[in-house]
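*Asks:* Next come a sequence and a model predicted from it.
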Amino acid sequence: MGFDLAFALSSVPTILGAIGTTLCVALVSCIGAAALGFLFDMVRRVGGVGGLAIGFVIDFIRSTPVLAWLYFLYFVLPFYGIRLGSMTVGVMGLSLYYSGYLAEVFKAGIDAIPKGQSEAARALSLSRRDAVIYVIAPQMLRNIAAPLGNYFVSILKATPYLAVLAVPEMLGRAFDIASETYRYTEPLVVAGLIFLVLALVISHGVKRLERRLLAVGAR
Amino acid sequence: MPMSLFEIWLGILQGLGTTLAVTAYGLVFAAPFALVFGIAQYLTRGVAHLLVTGVIEFWRSSAVIILLFVFYYALPVVGVTLSALTVSAMVLGLNAGGYASQAVRAGLQALPPGQKEAGAALGLSRPAILLLIELPQALIAMSPTFVNTLIQLVKATALVSLVTLTDMTFRAKEIAQVEYNPVAIYTALLLAFFVVCYPIALAGRWLEARVAAPGSRSGGI
């Protein structure tokens, strides 16, 4: 047996053909997770019973595996008559799971803005709305850009989990080839290498972005 | 007769032993890897540094689910036959170790240079400075990060259900085959992981508060 390089290379186009699905799933999940995470953090900031409940929900999500969440949504939603495509369920699962982490990113990004900023905005008699839009939000975005980028990489690396729900992303394609040819090593290695390169390239981009933002912040 | 909630929960907990075994066995790979490669990345320069970083990035930046499948299917092809338990522990452990190695390196880099210089002024050798002065401070400072990595490792063990090990996730799927009650089964699975991971998270928070305590250089530990 051994490693058949020619066969590995022949599997590249099929697996790489699903890179669009992988990136799309990762991007939509990241946006969903950010939206949900932002909402969670806002509710938590309001406090009260709702805030405590959301705090617990975030802890619960962070204490449970993404695979368990994917199974949960995949099998429980149809039980209640909600029939969705496996890709939709996968995106929902990744969004829900990573929202627990992104809520913390928003928390840290907002908490890091000095109190003097909103006080200064008020002293300049900006309305509450203008203060949030022109003073708080830009600084928050600068603070969260790098962690958000890192979580995008994490989400990207979690997209192959969706293969267990039969979503045709890159790992799913690799398994398709494997089950047709009974050769697992080559397609899996190819899929693994593509993910590794993607993760390294995007991480590198995030690092550069972080450095530039730090330079802007220091001015 | 349908299974009661309690029976489903007990059925899933039958996999707890495997979940914990993979975690513990994984730590056997993770801890030495994190220490050796974190320190190596801190100390080396040039080509050696690139090699060390390359190994760390391979384990850290790969998608762990694919790593697991690759090693599970590829090792027998090249003539290495390991049990599913060993392969799982190795892959999940080295992946977690890759993350933890970055904490080790960052912890060492974050120490004020005066620490190393003071050690040198006292006539300590470089290994002694590392072992007696730098590492203890760095490891204590980074201990909350290690706890987070441990939680990630416990959660990642759910993956071993895909390579035939009967952990809690595998048990949930087995029960789902004989019992149509997905709500109870998968809620119980989530709860089972929560019961294992949440106390670790609380311990991590306690540790973080201790380490960050003002006025105590070593955080009172």
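*Replies:* That came in fine, so what should we check first?

*Asks:* The longest helix along chain B and chain A, are they touching?
*Replies:* Looking across chain B with DSSP state H, the single longest helix is helix B:182-211. Yes: using Cβ under 8 Å from any Cβ of the partner chain, helix B:182-211 reaches chain A at B:P182, B:V183, B:I185, B:Y186, B:T187, B:L189, B:L190, B:F193, B:F194, B:C197, B:Y198, B:A201. C-beta here means a position set from N, CA and C on the backbone, and glycine is covered the same way.

*Asks:* ranking those by neighbours, who comes first?
*Replies:* B:L189 (29 neighbours; other Cβ atoms under 10 Å in any protein chain shown).

*Asks:* Which residues are in contact with the residue lying closest to that residue once chain neighbours are set aside?
*Replies:* Excluding the flanking residues, the one nearest B:L189 by Cβ to Cβ, 6 or more residues apart in numbering or on different chains is B:A172, at 4.2 Å. Counting by Cβ atoms under 8 Å, 6 or more residues apart in numbering or on different chains, B:A172 touches A:A68, A:Y71, B:I12, B:G15, B:I185, B:Y186, B:A188, B:L189.

*Asks:* Poorly predicted segments of chain B, please.
*Replies:* Flagging of chain B using pLDDT under 70 yields the residue ranges B:1, B:214-221.

*Asks:* got it, and chain A?
*Replies:* Using pLDDT under 70, the flagged stretches of chain A are A:1, A:217-219.

*Asks:* Up against chain B, what does it have?
*Replies:* So far as Cβ under 8 Å from any Cβ goes, chain A lies against chain B at A:1-3, A:59-60, A:62-69, A:71-72, A:75-76, A:79, A:153, A:157-161, A:163-164, A:171, A:178, A:184-185, A:188-189, A:191-192, A:195-196, A:199-200, A:203.

*Asks:* any idea how far B:G38 is from chain A?
*Replies:* Plainly put, B:G38 is 18 Å away from chain A if you go by Cβ to the nearest Cβ, to the nearest Å.

*Asks:* and A:I58, how many neighbours?
*Replies:* The burial count for A:I58: 21, using other Cβ under 10 Å.

*Asks:* How about the one 10 residues further on?
*Replies:* One way to gauge burial is a neighbour count; for A:A68, by other Cβ under 10 Å, it gives 25.

*Asks:* ok, now A:V49?
*Replies:* A:V49: 7 neighbours (other Cβ under 10 Å).

*Asks:* what's the single longest helix in chain A?
*Replies:* helix A:185-218.

*Asks:* That one packs against which elements?
*Replies:* Applying 3 or more Cβ pairs under 8 Å, 6 or more residues apart in numbering or on different chains; DSSP states H and E, one finds that helix A:185-218 contacts helix A:5-16, helix A:137-158, helix A:170-181, helix B:46-61, helix B:64-77.

*Asks:* list the buried ones in it?
*Replies:* Neighbour counts over helix A:185-218 (16 or more other Cβ atoms under 10 Å in any protein chain shown) mark A:185-196, A:198-199, A:202-203, A:206 as buried.

*Asks:* which residues touch residue 58?
*Replies:* In the absence of a named chain, this looks at chain A. Contacts for A:I58 (Cβ under 8 Å, 6+ apart) come out as A:F40, A:R44, A:G100, A:A103, A:E104.

*Asks:* To clarify, I was referring to chain B.
*Replies:* B:F58 is in contact with A:L196, B:G98, counting by Cβ under 8 Å, 6+ apart.

*Asks:* and A:V12, what is it in contact with?
*Replies:* A:V190.

*Asks:* From A:L102, how far off is it?
*Replies:* In this view, A:V12 and A:L102 are 33 Å apart by Cβ to Cβ, to the nearest Å.
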